[in-house]
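Structure for this input, please:
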Amino acid sequence: MRTMIKGLLMAAVCLMIMGNIASAEMPDPAMEAEQYLAGEDWQAVRESIPPQAAEKMAEQGISSFSELIAMPAEELWQMVQNEVKEVLDAPVRVLLSLLGAVLLCAVVKGIGSTLGGGVHQVFGAIMTAFAVTLLIRPVMDCILSLHTVFADFSLFLTVYIPVFAGIMTTAGQPMTGAIYNVLLFGACQGVNGLLQAAFVPVISCYLSLAVAAEIVPQMGLRDLVAGIKKVITWGLGVTMTVFVALLSLQSAIAGGGDNVAVKATKFMLNSLIPGVGGSLSELFMATQGCVQLVKSTVGAAGIAIAALTFLPVVVRVILWQAVTACGGFIAGMLGVEELSRLLKSVGSALNVMLAIALYYAMLFIVSTSLMILAFKGG
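Residues are numbered from 1 along each chain as shown. All right, here's what the predicted structure looks like:
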């Protein structure tokens, strides 16, 4: 009799649980994601968004991560065009001044035989110094702007990476999230520390050596300048390749463990809880889907913030690269070799700056993209 009463009570409890589960609505992934992203936990992330990205988001009327990743390609292209228009005036004025100097040098060189050979050399030295004065200010502004962007973006990553790793853990990827947190956080902070300590002095010294190598060719600095550029570019390429390969390998291995853990949890819910285990396992997988949507949204938003952060300074550097490339090409066509070599040297320094900026941005973008495309939790 006592056994029968216990059986009836157990059956009643099971029926009550089944009724509650049946009456409960399955979570809506989009709504759950919006509620999570609107919570207080994300206030610190929003406050740490770099000023460069926050300004662009405000201009476009973007107030949430969902709106950020849903921004149409037309608006992004329009944003790039607006950025180019804002900073185009100064490069155009400098380019016109450089072309004027190139034409004067070409004219003096053409009539140098009547004025004497020394006149052309002296005038070439004067025009070279004039070109240096035109370019040194905007190039140094680019260096300082990049230094500021590196500091702002590093502050953002300090907050963002642990939060994103926590979402991955909640989404059933604890091992992958731990690898992302440790590897990327350590790599980004290490790169930022190196850039904060050495970027401005190294790039400034490289620029000075590049200019000196063309103004005073007798010093024989061209090979040294070329060697420094090769070391920097090769170092960036090798370290990026090694890091991405290591992260991919570690995340693939960790993804297998995460997959086993999720499947084991689903099996336990389905098998060990009589009557309602199947419903609980389906509810568990639905919740995992909500968290996976949050992970994808936050990951894509982080990538978009990185792109908006580096967009203004990258556009500026590219425009000044175009100025030096165009001026150097025309100077070479007109036979003004001293100005052509000088402009190519300044352009080389800008190339190194652009490579370092893209390296820091792509280190984060590629790593986060790998995590978004990694194991999906089921």
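
Return the set of buried residues in stretch 363-375.
Neighbour counts using 16 or more other C-beta atoms under 10 Å place 363-368, 370-372, 374-375 of stretch 363-375 among the buried residues. (Glycine included, C-beta is placed from N, CA and C.)

from the residues you listed, which ones fall inside helices?
Taking DSSP state H as the definition of helices, the buried residues of stretch 363-375 contribute 363-368, 370-372.

Helices along the stretch 151-300 of the chain, start to end?
Using DSSP state H, counting those that start in this stretch, the helices of the stretch 151-300 of the chain run over 174-179, 185-215, 222-272, 277-333.

is it possible to export those to a markdown table including distance to S340, mean pLDDT and mean neighbour count?
Output for these, formatted as a markdown table (distance: least, C-beta to C-beta, whole Å; pLDDT from 0 to 100; neighbours: other C-beta atoms under 10 Å):
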| stretch | distance to S340 | mean pLDDT | mean neighbour count |
| --- | --- | --- | --- |
| helix 174-179 | 49 | 75 | 21 |
| helix 185-215 | 9 | 83 | 17 |
| helix 222-272 | 14 | 71 | 14 |
| helix 277-333 | 4 | 78 | 20 |
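
Ok, which of the ones you listed comes nearest L103?
For the helices of the stretch 151-300 of the chain, proximity to L103 was assessed by C-beta to C-beta; helix 277-333 is nearest, at 8.8 Å.

Let's have the buried residues of stretch 363-375 in CSV, adding pLDDT and distance to L293.
Rendered in CSV, the data for the buried residues of stretch 363-375 read as follows (pLDDT from 0 to 100; distance: C-beta to C-beta, whole Å):
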residue, pLDDT, distance to L293
L363, 89, 26
F364, 90, 21
I365, 89, 20
V366, 87, 22
S367, 85, 20
T368, 85, 16
L370, 81, 18
M371, 79, 14
I372, 79, 11
A374, 66, 15
F375, 54, 15
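
Determine the set of other helices and strands touching the helix or strand harbouring P91.
Applying DSSP states H and E as the criterion places P91 in helix 89-110. In this structure, helix 89-110 makes packing contacts with helix 117-170, helix 277-333, helix 337-372, judged by 3 or more C-beta pairs under 8 Å, 6 or more residues apart in numbering; DSSP states H and E.

so how far is the second one from its chain's centroid?
To tie it back to what came earlier, the one meant is helix 277-333. 6 Å (C-alpha atoms, centre = their mean, to the nearest Å).

next one: stretch 198-205
Relative to its parent chain, stretch 198-205 has a centroid offset of 21 Å by C-alpha atoms, centre = their mean.

can you pull the alpha-carbon coordinates of that stretch into CSV?
Presented in CSV, the C-alpha positions along stretch 198-205 are these (Å, rounded to 0.1, in the frame of the first residue of the first chain):
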residue,chain,number,x,y,z
ALA,A,198,57.9,51.4,-29.5
PHE,A,199,55.5,52.4,-32.3
VAL,A,200,56.1,56.2,-32.2
PRO,A,201,59.9,56.1,-31.7
VAL,A,202,60.4,53.2,-34.2
ILE,A,203,58.3,54.7,-37.0
SER,A,204,59.7,58.2,-36.4
CYS,A,205,63.3,56.8,-36.6
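
V294 and V366: what is the separation?
Between V294 and V366 the distance is 21 Å, computed by C-beta to C-beta, to the nearest Å.

W234 now?
Using C-beta to C-beta, W234 is found at 19 Å from V366.

Next: V216.
Distance from V216 to V366, by C-beta to C-beta: 42 Å.

Kindly report the same for M127.
For M127, the distance to V366 - C-beta to C-beta - is 44 Å.

just V149 next, same as before
18 Å.

swap in L195?
Separation of L195 from V366 (C-beta to C-beta) stands at 18 Å.

Could I get the contacting residues of L134?
Residues in contact with L134 (C-beta atoms under 8 Å, 6 or more residues apart in numbering) are 94, 97-98.

Repeat the analysis, applying 10 Å as the threshold.
L134 sits next to 93-95, 97-98, 101, 323, 327, 346 when contact means C-beta atoms under 10 Å, 6 or more residues apart in numbering.
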